[in-house]
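Visitor: Pasting the sequence and the predicted coordinates here, then a few questions.
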Amino acid sequence: MQINRTGQAKWAGGLKDGKGQISTQSGALKEYPYGFATRFEGVPGTNPEELIGAAHAGCFTMALSLILGEAGLTADSMETTAKVTLESVADGFAITAIHLSLKGRVPGADLTKFTELANKAKAGCPVSKALGAVPITLDVSLG
């Protein structure tokens, strides 16, 4: 089975004065604005790194739900935050790290088991695999 999804970006102008729009095939984002200020200066709006973070958090959490089910467990709730680090490096900018922070309530799971299953999801989720050149860390809590 092969699934294809598309995203699109448009840009006009220079780096600092230019403006862009990001769209998704589903329409969840439709010509959503982004630019230098939203990416590098903390101005409210989106940027590629937060979109990668949202995609990674969503993929990881969904993969963990599958893995929990295979272990006979079902989460009452899980919340994952993916912190994507963008840094200036010798040849420009690079994503240098991603840190997943997971909080969950999973009846019947202790922290050791939940952490073991979460690490399995981190290694196996398709977005983690796509981002394999970037160090990905994880912390887990129950409660």
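Guide: Right, received. Where do you want to start? Numbers count the residues shown, from 1 in each chain.
Visitor: residues making contact with the longest helix seen in the chain?
Guide: Counting by DSSP state H, the longest helix found in the chain is helix 48-70. Outside helix 48-70, the residues within contact range by Cβ atoms under 8 Å, 6 or more residues apart in numbering are 22, 34, 39, 74-75, 78-84, 86, 95, 98, 100, 102, 106, 109, 117-118, 120-122, 124-128, 131. Just so you know, the C-beta spots here come from the backbone N, C-alpha and C atoms, and that holds for glycine as well.
Visitor: Could you pick out the buried ones from the residues you listed?
Guide: Buried residues within the contacts of helix 48-70, defined by neighbour count using 16 or more other Cβ atoms under 10 Å: 22, 34, 39, 75, 78, 80, 82, 84, 86, 95, 98, 100, 102, 106, 109, 117-118, 120-122, 125, 127-128, 131.
Visitor: related to what we said a few turns ago, the contacts of helix 48-70 in helices, which ones?
Guide: Of the contacts of helix 48-70, the ones assigned to helices by DSSP H are Arg39, Leu117, Ala118, Lys120, Ala121, Lys122, Gly124, Pro126, Val127, Ser128.
Visitor: How about the longest helix of the chain, which residues are buried there?
Guide: Quick answer for helix 48-70 (16+ other Cβ under 10 Å): 48-53, 55-57, 59-64, 67-68.
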